[in-house]
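Trainee: based on what follows, work out the 3D shape:
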Amino acid sequence: MAARPLPAITGLVLAGGRATRMDGADKGLQMLDDAPLALHVLRRLAPQVDEIVISANRHPDRYAALGAPFGARIVADATPDFPGPLAGLLAGLRVARAPLVACAPCDSPFLPDDLVARLHAALDAQHADVAMAITVDARRNRSPQPTFALVRTSLADDLAARLAAGERKVRAWYARHKTAEVEFHDERAFYNANSWQELAALARR
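Mentor: Next comes the predicted model:
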């Protein structure tokens, strides 16, 4: 029996944060239109990748249940005290079976259905190590979306070293590597819920 081919891209849902602006609630498990935010993200991200990993530092059983229909694996940060999205990204890079990891936050339920394809095209064309989404409004104002990115797993050791040195800013770490910026013109696709007010706004949209 022939071995199954390795996946080309691992999808990573970042659900390991503190959610301080939500009083410490687990953002990915908050409800929107009768489904947890993380489930909305899984439904959009899973068709774009070859396997799914969920970075979750709390409620692993609940995330495992949400991820089960997508064959998702659950991984926690290797470092304590919720050091931020870079720690979740590192956890995903370490367990990915693919050479590329496409990450997205657990609280952005409308992420583009061509996100990964466009990031991958830019990464390949520019021979980059990272491809990151940038939203551009009608006035050409650019807003980086660093947690929507495609990253080579070969960067894991460098990321681990920078985390150990105290780095916590995603864009600062990207700046160490060749990064392609990919413009998206639908800002709504990147709306997220960092607070209860923003979650209510998502529901109204």
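
Trainee: for this structure, just list every one of the helices.
Mentor: Secondary structure of the chain by DSSP state H: the helices cover 37-45, 60-67, 85-95, 115-125, 156-164, 170-174, 196-204.

Trainee: what residues does the longest strand along the chain touch?
Mentor: Longest strand in the chain, counting residues (DSSP state E): strand 142-152. Residues outside strand 142-152 that contact it (CB atoms under 8 Å, 6 or more residues apart in numbering): 9, 14, 85, 89, 93, 99-105, 108, 111, 115-116, 119-120, 123, 129-137, 170-171, 174, 181, 183-184, 187, 190. Just so you know, the C-beta spots here come from the backbone N, C-alpha and C atoms, and that holds for glycine as well.

Trainee: what subset of those residues is buried?
Mentor: Neighbour counting over the contacts of strand 142-152 (16 or more other CB atoms under 10 Å) leaves 9, 14, 85, 89, 93, 100-105, 108, 111, 115-116, 119-120, 123, 129-135, 170, 174, 181, 184, 190 as the buried ones.

Trainee: quick one: Lys27 from Arg58, how far?
Mentor: 10 Å (CB to CB, to the nearest Å).

Trainee: the two: which has the busier surroundings?
Mentor: Neighbours were counted for Lys27 and for Arg58 using other CB atoms under 10 Å; Lys27 has more, 25 against 18.

Trainee: quick one: strands adjacent to the longest strand of the chain?
Mentor: According to DSSP bridges, strand 142-152 forms sheet pairs with strand 100-105 (antiparallel), strand 130-136 (antiparallel).

Trainee: in it, what counts as buried?
Mentor: Neighbour-count burial for strand 142-152 flags 145-152 (criterion: 16+ other CB under 10 Å).

Trainee: how far out from the middle of the chain is that strand?
Mentor: Averaging C-alpha positions (CA atoms, centre = their mean, to the nearest Å) puts strand 142-152 9 Å from its chain's average.
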